[in-house]
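Peer 1: sequence and predicted structure, then a few things I'm wondering about:
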Amino acid sequence: MLFCIDIGNTNIVLGISDRDRVLNHWRVRTERDMTADEFGILIGNLFSASKIRMGDIKNIIISCVVPPLLNTMEDFSRRYFHVDPLIVGPGIHVGMPILYDNPKEVGADRIVNSVAAYERYRTALTVVDFGTATTFDVISKEGAYLGGAIAPGVLISCEALFQKASKLPRVEIFAKPKNVIAKDTVSSMNVGIVYGYAGLVDGIVKRIKGEMGQEMKVIGTGGLARLICKETETIDAVDEFLTLEGLIIIFKRNL
């Protein structure tokens, strides 16, 4: 079995794969000061609840955009699974040309998402990832990573609103607003958050298509993808665990 670990700034997405099939997956909060032993206890509990034996894991692949956690995860992999993990980064084969001025600047998660999306659709694509940042990654019809855009994420924007506007309450992003013209403060904020980000996505995607001069498949992913993407005009499909699929593909390409 393959253990896939995607470490983001807000969440860590975990998945267990066997013969290209994802058997189970989890999403946990990122704790930058977590030790290898603390993570080992968490993983042990998750595996126990799902009846997966830690001894069945033969390989591990890690994508990480939080540098302080990378050594922790390598230590965890060796201590609890006796495995040297494959780290997504410079020097590994991803099977996709990276046409960025400095390819090392591109976040590992952005590359992994792009690899998975192109492997599935084999056409020109834009991948919109609703993570700590909202990222837009553009792939050519020939399968090259062209670049993209980065905007503040939904939760970052919410947090800034709560901190800077002292009279506004802290709210959860809970559902599609009932009306655009809201009648209370919490509903008004929900309108701004959900429809504001839907508009941001549509605006950037339309400009990407205009610059590319062609129609493209647009895929949404990330924890808040389903909520925001339902209100957009440009997202064609949603895959919340695109990163896990990409990690499986990249691992196979490095066997």
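Peer 2: On my side now, so go ahead. Computed from a predicted model, the values in this text were never measured in an experiment.

Peer 1: residues touching the closest residue in space to residue 13 that isn't next to it in sequence, list them.
Peer 2: Leaving out its chain neighbours, the residue that sits closest to residue 13 by Cβ to Cβ, 6 or more residues apart in numbering is residue 6, at 4.4 Å. The C-beta positions use only the backbone N, C-alpha and C, and glycine is treated the same way. Contact analysis of residue 6 by Cβ atoms under 8 Å, 6 or more residues apart in numbering lists 12-14, 62-64, 109, 112, 243-244, 247.

Peer 1: filter the residues you listed down to the buried ones.
Peer 2: 12-14, 62-64, 109, 112, 243-244, 247 (16 or more other Cβ atoms under 10 Å).

Peer 1: out of those, which is nearest to residue 131?
Peer 2: Using Cβ to Cβ, the shortest approach to residue 131 within the buried ones among the contacts of residue 6 belongs to residue 109, at 7.3 Å.

Peer 1: tell me the secondary structure for that closest one?
Peer 2: helix (DSSP: H, G, I helix; E, B strand; the rest coil).

Peer 1: quick one: pLDDT of the residue nearest to residue 13?
Peer 2: Turning to residue 6, the model gives it a pLDDT of 96.

Peer 1: tell me which element it falls in.
Peer 2: Per DSSP states H and E, residue 6 falls inside strand 2-7.

Peer 1: quick one: name whatever helix or strand follows that strand.
Peer 2: Using DSSP H and E, the next helix or strand after strand 2-7 towards the C-terminus is strand 11-18.

Peer 1: which residues of this structure fall in helices?
Peer 2: 36-50, 67-81, 108-121, 154-164, 185-212, 225-229, 242-253 (DSSP state H).

Peer 1: turn the ones you listed into JSON lines, including distance to residue 145.
Peer 2: Below are the helices of the chain laid out as JSON lines (distance: least, Cβ to Cβ, whole Å):
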{"stretch": "helix 36-50", "distance to residue 145": "30"}
{"stretch": "helix 67-81", "distance to residue 145": "22"}
{"stretch": "helix 108-121", "distance to residue 145": "5"}
{"stretch": "helix 154-164", "distance to residue 145": "24"}
{"stretch": "helix 185-212", "distance to residue 145": "14"}
{"stretch": "helix 225-229", "distance to residue 145": "20"}
{"stretch": "helix 242-253", "distance to residue 145": "12"}
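
Peer 1: so for residue 144, which of those helices sits nearest?
Peer 2: It's helix 108-121; of those, that one is closest to residue 144 (Cβ to Cβ) at 9.1 Å.

Peer 1: quick one: contacts of that closest one?
Peer 2: 6, 8, 63-65, 88-89, 94-96, 98, 125, 127, 129, 131, 135, 137, 139, 143, 145, 148, 217, 219, 221, 239, 242-243, 245-247, 249-250.

Peer 1: so for it, mean pLDDT?
Peer 2: 96.

Peer 1: just stretch 151-171 next, same as before
Peer 2: Mean predicted lDDT for stretch 151-171 stands at 76.
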